[in-house]
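Engineer: I would like to see how this sequence folds:
(one chain, ligands or ions: 1)
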Amino acid sequence: MASAKYPTSRAALWSLLIALVLGVSSLTAPAAATRTGATAGLSCGFYRHSCPDAENIVYNSMQQSYNQNKVVAPGVLRIAFHDCFVRGCDASVLLLGPDTERSALFNKGLQAAAFDALDAAKIAVDKACPGVVSAADVIQFAARDSVKLAGGLGWDVPAGRRDGRVSRIEEASTPNLPTPNMTVPDLLEVFARKGLSANDLVVLSGAHTIGHAPCLTFDNRLQTSPVDPTLAPSFAAQLKKQCPAPNNGATQVDLDSTAMTFDPQYYKDIARGRGLLTSDQSLLADGRTKRAVYSNRGTEFYTNFGKAMVTMSKIEVLTGSAGEIRRHIAYVN
Ligand code: HEM
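Structural biologist: Residues are numbered from 1 along each chain as shown. Down below sits the predicted model:
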């Protein structure tokens, strides 16, 4: 299995912080070129004849990886997001190189174990059906499987994406990707650029029901006096203990109070002022998103999430004879 190494050093994390801060100011930058033909050519059961066992093979491989390291589930889910929001869902986030998306500061926090899991899944599926299943589809199958493995429900993944040959470091940034200190108006703008609605924003943010975030992505909320008033006082006190200022930016904190389990807890936490990132908590403060925070606190969230992931998975896809079926997830053919 090929593996990729990612800097997790404090220097890299501080660089990320700088990028996050700088990134916000570039929200109004001109839109990156987008591709047309958005969803044409995707269908559920796309590999029914060409590789009938493809989805089972990916699931089994993901299960193995997840059993070895639980960070694989949030890691892969986040990779799916960063793939689709930059050049569409074309696996451009997986390409290795000094100037690819994968080297961007915004992507430094993506889990090495998650890249390894995708690598293993693609190798397994290629063993059964060489050159048939795209890396872009493997990401989407594996994201669905990650949610299932972490306790959520699966969904039918429309497939038939092809892999991009281009990946540019500068595109893995705002305005394509949001920053954690954004509030709803800016978040809506980022999502609208990808054709996604306010409801999609709320439901997809529910991915933060699993995984972690380093202190530096939210400690701006703690360093002011008084602290961010949207934080519940007891939660602010807890976070201050977990992230003692200064210099503890790299410490990881749970994104919700049941961070190993995919469940609706994220929304229950937000409703009580216990959302970790500004972007999470702000969903309660805006009339365009507040109602959906409340309505996802129950089991509806599970099906809503699957639907929103399908919507996201159709962003600017390459189909037909565009792009290629990559032989190795990390390199163009
Ligand atoms: C709405 C705007 C969003 C913002 C501002 C945001 C920001 C962040 C940040 C700062 C982290 C911490 C990661 C790190 O630096 O290590 C994070 C983690 C994560 N994000 Fe988001 N995110 C957003 C939406 C999404 C969406 C749409 C998804 C997937 C559908 C997603 C999935 C995740 C997951 C699963 C993690 C945990 C990763 C891990 O533990 O390895 N996020 N996000």
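
Engineer: Show me how the record splits this protein into domains.
Structural biologist: Domains of the chain are assigned by automatic domain parsing as 39-175, 184-310.

Engineer: Pick the most buried one from the ones you listed.
Structural biologist: Highest mean neighbour count of the domains of the chain: domain 39-175, a mean of 21 (counted as mean count of other CB atoms under 10 Å). Every residue, glycine included, has its C-beta placed from N, CA and C.

Engineer: Could I get the average pLDDT for that domain?
Structural biologist: For domain 39-175, the mean pLDDT works out to 97.

Engineer: is the ligand contacted by it?
Structural biologist: Yes: applying CB under 6 Å from any ligand atom, one finds domain 39-175 touching the ligand at 71, 74-75, 77-78, 81, 109, 111.

Engineer: Nearest to the ligand, out of those: which one, please.
Structural biologist: Gly109 (2.7 Å; CB to the nearest ligand atom).

Engineer: so that closest one is in which element?
Structural biologist: Under the criterion DSSP states H and E, no helix or strand holds Gly109.

Engineer: Strands of the protein, start to end?
Structural biologist: Using DSSP state E, the strands of the chain run over 212-214, 252-254.

Engineer: Counting by contacts, list what the first one packs against.
Structural biologist: The contact analysis (3 or more CB pairs under 8 Å, 6 or more residues apart in numbering; DSSP states H and E) places strand 212-214 against strand 252-254.

Engineer: Now do the strand it packs on: everything it contacts.
Structural biologist: Outside strand 252-254, the residues within contact range by CB atoms under 8 Å, 6 or more residues apart in numbering are 212-215, 218, 239, 242-243, 276.

Engineer: ok, which of the residues you listed also contact the ligand?
Structural biologist: Okay, of the contacts of strand 252-254 touching the ligand (CB under 6 Å from any ligand atom), that's 212-214.

Engineer: Mean pLDDT added to the strands of the chain, as CSV?
Structural biologist: Below are the strands of the chain laid out as CSV (pLDDT from 0 to 100):
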stretch, mean pLDDT
strand 212-214, 97
strand 252-254, 97
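
Engineer: List the contacts of whichever residue of the stretch 151-300 of the chain sits closest to the ligand.
Structural biologist: For the stretch 151-300 of the chain and the ligand, the shortest gap (CB to the nearest ligand atom) falls at Gly211, measuring 2.4 Å. Residues near Gly211 by CB under 8 Å, 6+ apart: 71, 73-75, 77-78, 255, 259.

Engineer: Ramachandran angles for it?
Structural biologist: phi 100, psi -170 (degrees, to the nearest 10).

Engineer: Repeat that for Pro180.
Structural biologist: Dihedral pair for Pro180: phi -70, psi -20, per degrees, to the nearest 10.

Engineer: number of nearby residues for it?
Structural biologist: When neighbours are counted by other CB atoms under 10 Å, Pro180 registers 18.

Engineer: Give me the pLDDT value at it.
Structural biologist: 98.

Engineer: switch to numbering from 58
Structural biologist: New numbering, starting at 58: the last item is Pro237.

Engineer: That one contacts Leu273, correct?
Structural biologist: No: counting by CB atoms under 8 Å, Pro237 does not reach Leu273; the two are 9.2 Å apart.

Engineer: can you pull the contacts of the closest residue to Val247 other than its chain neighbours?
Structural biologist: Among residues not flanking Val247 along the chain, Pro235 sits closest, at 4.6 Å (CB to CB, 6 or more residues apart in numbering). Contact analysis of Pro235 by CB under 8 Å, 6+ apart lists 243-244, 247-248, 336.

Engineer: again, only this time at 7 Å
Structural biologist: Each residue near Pro235 by CB atoms under 7 Å, 6 or more residues apart in numbering is listed here: 244, 247, 336.

Engineer: same deal with Ala349?
Structural biologist: Residues near Ala349 by CB under 7 Å, 6+ apart: 256, 259-260.
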